[in-house]
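> Provide a 3D model corresponding to the input given below.
(one chain, ligands or ions: 2)
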Amino acid sequence: MTTATATDLALRMEGVRKTYQVGDEEVVALDHATLEVGGDEIIALVGPSGSGKTTLCSIAGGILAATEGSVVVGGHDITGYSAKQLTDFRREEVGFVFQSVNLVPFLTARENLLVVDEVGRRTGAKAKDRADQLLEELGLTDRANNLPGQLSGGQKQRVAIGRALMNEPSLVLFDEPTSALDTKLGDQVVHLIRDEMKARGTAAIIVTHDDRITHYADRTVHITDGRIDA
Ligand SMILES: Nc1ncnc2c1ncn2[C@@H]1O[C@H](COP(=O)(O)OP(=O)(O)OP(=O)(O)O)[C@@H](O)[C@H]1O
Ligand SMILES: [Mg+2]
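Ligands and ions are numbered 1, 2, ... in the order given. The predicted structure is shown next:
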């Protein structure tokens, strides 16, 4: 691998520690985790249940603050960001796709994409054009006006991917995007994720228990007990 300069990186996490206070006990979810993700690199993040994968994604995406260490995403050093700054940062820089798809049930596929932009930069016709372009790329043009309840599992997952791409993020975080899908659909969705990321030169972290997914990634990173394996 060629060495990337700091500005080329989609993510640079250094010495990140995250603890949760549960009653009198301190749970260490991440322990001095250091990870660099190149500007257009796709990382598979693999590890047992409870090893810290979701915590790592939440910190990389500015949902959670690290207890210690530094986090730089797409050139933004978010380490000391306030809650307000993190909200703006999330809107501009990152996309999330979670296992439980979390589409708004009373909005159509198109409206689920547009809801991102209502709070974001684009408005009106421009946002609609981008939503329709993404829906077309994702093979959902004829489902644009369907509600989530009228879509299959794979179609819902594709809407979620489209929504994550609306703001042209520098990093997309996928937390077990295929775990609710059967083998064939899971394969299709992973193919699609790879194609979409590579076409845009967008970086991604894909959390998975699924060995097949690692074949689609540029690099696999293993995590155990909150520590990234060397
Ligand atoms: N809000 C919380 N409060 C207390 N402990 C938490 C919290 N969230 C996570 N943890 C603990 O932190 C550790 C890491 O959790 P995390 O959710 O990051 O794991 P994971 O690798 O995503 O697991 P899974 O594969 O089951 O989703 C676990 O021990 C978990 O119990
Ligand atoms: Mg998890």
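> make it CA atoms for all contacts and neighbour counts henceforth
Fine.
> Pick out the least confidently modelled helix or strand of the chain, by mean pLDDT.
Within the chain, no helix or strand scores below helix 109-118, which has a mean of 78 by mean pLDDT, DSSP states H and E.
> In it, which residues are buried?
109, 110, 111, 112, 113, 114, 116, 117 (16 or more other CA atoms under 10 Å).
> how far is that helix from where the chain is centred?
17 Å (CA atoms, centre = their mean, to the nearest Å).
> ok, and what's touching it?
With contact meaning CA atoms under 8 Å, 6 or more residues apart in numbering, helix 109-118 is reached by 91, 103-104, 123, 127-128, 131-132, 135, 143-148, 159, 162-163, 166-167.
> Show me what from this structure comes close to ligand 1.
20, 22, 27, 29, 48, 49, 50, 51, 52, 53, 54, 55 (CA under 6 Å from any ligand atom).
> okay, those in a markdown table with secondary structure, neighbour count and pLDDT next?
Formatted as a markdown table, the residues of the chain next to ligand 1 follow (DSSP: H, G, I helix; E, B strand; the rest coil; neighbours: other CA atoms under 10 Å; pLDDT from 0 to 100):
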| residue | secondary structure | neighbour count | pLDDT |
| --- | --- | --- | --- |
| 20 | strand | 12 | 95 |
| 22 | strand | 8 | 90 |
| 27 | strand | 12 | 94 |
| 29 | strand | 19 | 97 |
| 48 | coil | 13 | 92 |
| 49 | coil | 11 | 91 |
| 50 | coil | 13 | 93 |
| 51 | coil | 20 | 94 |
| 52 | coil | 24 | 95 |
| 53 | helix | 26 | 94 |
| 54 | helix | 19 | 92 |
| 55 | helix | 20 | 94 |
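> for the residue nearest the centre of the chain, phi and psi?
A centroid search over the chain (CA atoms, centre = their mean) returns residue 173, at 1.4 Å, as the residue closest to the centre. With angles defined as degrees, to the nearest 10, residue 173 sits at phi -110, psi 120.
> first to last residue in stretch 193-211, what's the distance?
End-to-end distance for stretch 193-211, by CA to CA, to the nearest Å: 16 Å.
> actually stretch 201-211, not the one I wrote
OK, stretch 201-211 end separation, CA to CA: 24 Å.
> that older thread, in CSV: the residues of the chain next to ligand 1, plus distance to residue 185.
Listed next are the residues of the chain next to ligand 1 as CSV, based on distance: CA to CA, whole Å:
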residue, distance to residue 185
20, 35
22, 38
27, 36
29, 31
48, 23
49, 23
50, 26
51, 26
52, 26
53, 23
54, 23
55, 26
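> Tell me the one of those nearest residue 211?
Nearest to residue 211 out of the residues of the chain next to ligand 1 is residue 48 (CA to CA; 12.5 Å).
> separation between that closest one and residue 78?
For residue 48, the distance to residue 78 - CA to CA - is 28 Å.
> Same question for residue 183.
For residue 183, the distance to residue 78 - CA to CA - is 37 Å.
> Which one's more surrounded, those two?
residue 78 (21 against 12; other CA atoms under 10 Å).
> Surely that one is in contact with residue 62?
Yes. If you go by CA atoms under 8 Å, residue 78 and residue 62 touch, sitting 7.4 Å apart.
> what sits in contact with each of those two?
residue 86.
> circling back to that earlier point, CA atoms only for the least confident helix or strand of the chain - export them in CSV, please.
The C-alpha trace of helix 109-118 is given here as CSV (Å, rounded to 0.1, in the frame of the first residue of the first chain):
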residue,chain,number,x,y,z
ALA,A,109,-38.5,5.8,-0.9
ARG,A,110,-37.8,9.2,-2.6
GLU,A,111,-38.9,11.1,0.5
ASN,A,112,-36.6,9.0,2.7
LEU,A,113,-33.7,10.3,0.7
LEU,A,114,-35.0,13.9,0.6
VAL,A,115,-35.4,14.0,4.4
VAL,A,116,-31.6,14.1,4.7
ASP,A,117,-31.3,17.2,2.5
GLU,A,118,-34.1,19.1,4.2
